[in-house]
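Engineer: Mind folding the following:
(chains A and B)
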Amino acid sequence: DQQVKQNSPSLSVQEGRISILNCDYTNSMFDYFLWYKKYPAEGPTFLISISSIKDKNEDGRFTVFLNKSAKHLSLHIVPSQPGDSAVYFCAASGGNTGKLIFGQGTTLQVKP
Amino acid sequence: NAGVTQTPKFQVLKTGQSMTLQCAQDMNHEYMSWYRQDPGMGLRLIHYSVGAGITDQGEVPNGYNVSRSTTEDFPLRLLSAAPSQTSVYFCASRPGLASNEQFFGPGTRLTVL
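Structural biologist: Residues are numbered from 1 along each chain as shown, chains lettered A, B, ... in the order given. This is a model prediction of the structure:
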């Protein structure tokens, strides 16, 4: 049973436009959410996170939005750049184990 | 700091063989985890450890053993490899339970024939 779901396997956008990546979760115990970026043949790297007490967190071109009632979060990248082309994973944690559960990933392609 | 290191980078095994994937970190992190990445499945948690001497199961623990005798090292053992264990394996660490940001190693690509 997938507790964190990224239903779009891939997304293609034009350079300079907005990229929106979506993530849904089912476990109401999750209280912290993260986005990771992964290039081929490398390990994932942390991008941005949000606590469940907030509904928005911004870091430069990256903004994460959290809708707790819908159990949904999204990552906005504005403006998108070709170097943003990568696989993006959303992850969630909660409870007293600290386990970080990941979604399936979305491959973003930003075209010049 | 080397961060999180994993060896080997690549490995080919025959069904039934055993091996250990090595993971080490030099950041004095208490919390370490092992994940496997498969197409369409994302990153799935195999085992994790909240500190030396303490390990617990993740989402897909079957077929894997771990131990944590030191803070630095967290090896993953495959006792009898199966083709279903063909995957890319990532080790990760973070300072402790209260810190959610994990640092990942570069991965080990394992093929079981």
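Engineer: leaving aside the residues next to it on the chain, what's closest to the residue in chain B positioned nearest to chain A?
Structural biologist: Residue of chain B nearest chain A, by Cβ to the nearest Cβ: residue B:104 (3.3 Å). The way it works is simple: take the backbone N, C-alpha and C, and place the C-beta from them, glycine included. Counting by Cβ to Cβ, 6 or more residues apart in numbering or on different chains, residue B:104 lies nearest to residue A:43, which is 3.3 Å off, once chain neighbours are set aside.
Engineer: Pull the number of nearby residues for that neighbour.
Structural biologist: 22 (other Cβ atoms under 10 Å in any protein chain shown).
Engineer: For the residue of chain B closest to chain A, give me its contacts.
Structural biologist: By Cβ atoms under 8 Å, 6 or more residues apart in numbering or on different chains, the contact set of residue B:104 is A:36, A:43, A:44, A:45, B:4, B:90, B:91, B:92.
Engineer: Pick the one among those residues closest to residue A:15.
Structural biologist: Using Cβ to Cβ, residue A:45 comes nearest to residue A:15 of the contacts of residue B:104, at 21.5 Å.
Engineer: isn't the closest one right up against residue A:34?
Structural biologist: No. Taking contacts as Cβ atoms under 8 Å, residue A:45 lies outside contact range of residue A:34: 11.0 Å.
Engineer: What sits closest to residue A:92 if chain neighbours are left out?
Structural biologist: Per Cβ to Cβ, 6+ apart, closest to residue A:92 is residue A:30, 4.0 Å.
Engineer: ok now do that neighbour, which residues does it touch?
Structural biologist: A:3, A:52, A:92, A:93, A:94, A:101.
Engineer: Now it. Its backbone dihedrals?
Structural biologist: Residue A:30 adopts backbone torsions of phi -60, psi 130, taken as degrees, to the nearest 10.
Engineer: name the helices or strands packed onto the lowest-mean-pLDDT helix or strand in chain A?
Structural biologist: None of the helices or strands of chain A scores lower by mean pLDDT, DSSP states H and E than strand A:100-102, at a mean of 92. Applying 3 or more Cβ pairs under 8 Å, 6 or more residues apart in numbering or on different chains; DSSP states H and E, we find strand A:100-102 packed against strand A:30-38, strand A:86-94, strand B:42-51.
Engineer: measure stretch A:42-57 end to end?
Structural biologist: End-to-end span of stretch A:42-57 (Cα to Cα, to the nearest Å): 26 Å.
Engineer: Quick one: distance of it to the chain centre.
Structural biologist: Relative to its parent chain, stretch A:42-57 has a centroid offset of 7 Å by Cα atoms, centre = their mean, to the nearest Å.
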